[in-house]
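1. How does the following fold in three dimensions:
(2 chains)
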There are 2 protein chains.
Amino acid sequence: MSPIVGVIGGGQLARMMIPPALALGVEIRIFAEGEGESATVAVTQVGDYHNSAEVLRFAKDVDVITFDHEHVPQPVLRELVAAGVRVHPTPDALLFAQDKLLMRARLTELGLPVPDWAELSDATDLVSFLDAHGGRAVVKTPRGGYDGKGVRMVDAADQVDDWFAAGGTLLAEELVEFRRELAQVIARRPSGQVEVWPVVETVQRGGVCAEVIAPAPHSRGRVASVAAKIAIAIAERLDVTGVLAVELFETTDERLLVNELAMRPHNTGHWSIDGATTSQFEQHLRAVLDLPLGATSTLAEWSVMVNVLGGPASGSMPDRYSAALADQPTAKFHSYGKQSRPGRKVGHVTAIGDELDDVVFRARAAAAFFEK
Amino acid sequence: MSPIVGVIGGGQLARMMIPPALALGVEIRIFAEGEGESATVAVTQVGDYHNSAEVLRFAKDVDVITFDHEHVPQPVLRELVAAGVRVHPTPDALLFAQDKLLMRARLTELGLPVPDWAELSDATDLVSFLDAHGGRAVVKTPRGGYDGKGVRMVDAADQVDDWFAAGGTLLAEELVEFRRELAQVIARRPSGQVEVWPVVETVQRGGVCAEVIAPAPHSRGRVASVAAKIAIAIAERLDVTGVLAVELFETTDERLLVNELAMRPHNTGHWSIDGATTSQFEQHLRAVLDLPLGATSTLAEWSVMVNVLGGPASGSMPDRYSAALADQPTAKFHSYGKQSRPGRKVGHVTAIGDELDDVVFRARAAAAFFEK
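-> Numbers count the residues shown, from 1 in each chain, chains lettered A, B, ... in the order given. Next up, the predicted model:
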């Protein structure tokens, strides 16, 4: 019978796993936090992912558990494994996507290129770090941050007093002088097969990914090869299974440094739905089921993805379809089925083609219909 | 809020409408005949489509009703329209996809190219038709046939006695001397916009579509232009809305004759999921909602789709995935979530690329894993 994949989390990543699950003949069951989330059509249980009894009940008949997000607590993950449930990525790997301090320590130990960093116990540690790095640093809470949350640019030691007051240690990183941000998305099966999409350039606005160009311009050769090697080393040494996204800085002196890790389909891989032979969502399902991975070849020279954020005006994405669809008949629209709120990711648009200028224009023009 | 499309019928065509519905942010609700059908994830009601009360209840809150099949009786369709429900294609158009005699009469009236045909009231009529056509004919029941059912090659007047005994008239057609079979799939909005995919070549085995090559080899120019003109004329003159598939014979003397019509996504358009900018399933949703249609440009020079039929051995499609996926990493697999039965369409495989020989090989090799 059909293999069954259980996904914890009902957001847009779970939603975008549904089409390839249908195509592959995989039954997908989704554990959502509430009613009416993005992935609602395939939700089979609504509950609290902090509650191991609820998660265990959800996992009872599935072949593998995987994730829409990285927030499931380690004790819950470890109870699943103890109960004999296959979990991919495993708790041991996922830990490094959940805790940025552990990630920095492990990558450093493995000799992988990372920004200078330090663990901060108090403001005194931060003073030392600032002194050693030209008076500026990026300070992060080790856990729970995403889309720019839990990250601050700091130039005085009292600017994260509230975080110190909340308890625990913080992560300080040098403010990297970068030319641009890149991301390398790959997939790995438990049995070891790895497939790599082209490295992409990501444009961030306000700490949120705004636009992705695949492949990154001028990346063929050294940049592509180094990015792939870094991501493969991380996947293999941390035993990551499923999709792994490695966010990278390309520095002004042409080094690649690891910024963040995500162990699930990632915003920087959404272009692959329309621009690659195998999308990151299909590949994630194949990988966590330990099925052979698909080809990551591109369908055109360039793919450009632009996120659609909710604007100040309310209204759901479909309201603006008619004009957008008429204006850009080659653009691919992806709604997340969410109510629009200012700054909330409510969808994305992808265009593909052989001339980068034209592809960028079409993707931006299509997305622009929703930015008001 | 999201527009709502109600689909009557829970088979693979409804199933393949789910991914583009998710992408477009369209809510899709499916009325299935039973539990556990292909489109089960989006089924909101199980019932009998002959029962107008049940269908009316299903249609109550939807923006438009459309179809996975053409079997909904005219009285049920007309009750929907009378109740103020938008139905696309409309009952007036759908009639010509439901009744082959009415279709033949109407196309003849419009001057469109069709095989010689006659309405048969009894065996005497068939004797006359056989006498006038070299002793051979194709006889069809006007309603209810599909995939070769309700169609017989006849060379003696008593070979359809059982059909005459069942009552009603039959359709006789000349046995066309054809080089190959083609299909032209197009989409049309209620407000008039039409978009046309390339004409394709279809290879039939045992009356069932086995393989589709898009575009049809050597079709650029005259064949493509004539096929598109015929399909557009049919769509406009019969006021067809949504996807229209026109199956065509290319005769040995290089004419195109209309064979069959389908007013819904069609097996000969499945390649468009992986090979065209806009798939027939996405286009059908756009068309029935009267949203602007998407581009029908191709993503590669060639797309080849091979149907996967259930073989004598039982077992579901996923059982054979591992070998097929490993062998053909560029092939796109589409499971219909059905139990395998000999001869039953349980899925399809598509490959795309720039060399026809290579694309045909990859698609056939991938499909071959399921043919045992």
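2. Tell me which residue in the stretch 1-150 of chain A sits closest to chain B.
-> Closest to chain B within the stretch 1-150 of chain A is A:Gly25: 2.8 Å, counting by Cβ to the nearest Cβ. C-beta here means a position set from N, CA and C on the backbone, and glycine is covered the same way.
3. Same check on the stretch 251-372 of chain A?
-> A:Ser335 (2.8 Å).
4. same deal with the stretch 51-200 of chain A?
-> Closest point on the stretch 51-200 of chain A to chain B, by Cβ to the nearest Cβ, is A:Glu195, at 8.3 Å.
5. Which elements pack onto the helix or strand hosting that residue?
-> If you go by DSSP states H and E, A:Glu195 is part of strand A:194-196. Other helices and strands packing on strand A:194-196, by 3 or more Cβ pairs under 8 Å, 6 or more residues apart in numbering or on different chains; DSSP states H and E, are strand A:178-188, helix A:222-237.
6. Export the worst-scoring helix or strand of chain A on mean pLDDT to CSV, keeping only CA atoms.
-> Lowest by mean pLDDT, DSSP states H and E among the helices and strands of chain A is helix A:321-327, with a mean of 91. Listed in CSV are the C-alpha atoms of helix A:321-327, where the atom choice follows Å, rounded to 0.1, in the frame of the first residue of the first chain:
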residue,chain,number,x,y,z
TYR,A,321,-5.6,37.4,-9.3
SER,A,322,-7.5,38.6,-12.3
ALA,A,323,-5.1,41.6,-12.9
ALA,A,324,-1.9,39.6,-12.1
LEU,A,325,-2.8,36.6,-14.1
ALA,A,326,-3.8,38.7,-17.1
ASP,A,327,-0.6,40.8,-17.0
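7. picking up where we left off before, partner strands of the strand holding A:Glu195, parallel or antiparallel?
-> Applying DSSP bridges, strand A:194-196 is found paired with strand A:178-188 (antiparallel).
8. List the buried residues of the strand it pairs with.
-> A:178, A:180-188 (16 or more other Cβ atoms under 10 Å in any protein chain shown).
9. Just want the angle from that strand to helix A:222-237.
-> Here the directions of strand A:178-188 and helix A:222-237 differ by 50 degrees (axes from the mean of the first three to the mean of the last three Cα atoms, to 10 degrees).
10. and the gap between A:Ser322 and B:Val208?
-> 39 Å (Cβ to Cβ, to the nearest Å).
11. An error on my part: the question was meant for A:His270.
-> Counting by Cβ to Cβ, the gap between A:His270 and B:Val208 amounts to 37 Å.
12. can you pull the contacts of the closest residue to A:Arg341 other than its chain neighbours?
-> Leaving aside its sequence neighbours, A:Arg341 sits nearest to A:Gly310 (Cβ to Cβ, 6 or more residues apart in numbering or on different chains; 4.7 Å). The neighbours of A:Gly310, taking Cβ atoms under 8 Å, 6 or more residues apart in numbering or on different chains as the test, are A:338, A:340-346.
13. Equivalent analysis for A:Arg179, please.
-> A:250-252, A:254.
14. which one of the contacts of A:Gly310 is nearest A:Asp125?
-> A:Gly343 (32.4 Å; Cβ to Cβ).
15. if I read this right, that closest one contacts A:Arg205, doesn't it?
-> No - contact between A:Gly343 and A:Arg205 fails when scored by Cβ atoms under 8 Å: they sit 10.1 Å apart.
16. can you tell if the least confident helix or strand of chain A touches chain B?
-> Yes - shown here: helix A:321-327 in contact with chain B (Cβ under 8 Å from any Cβ of the partner chain) through A:321-322, A:325-326.
17. for these, which one is nearest A:Leu126?
-> A:Tyr321 (48.7 Å).
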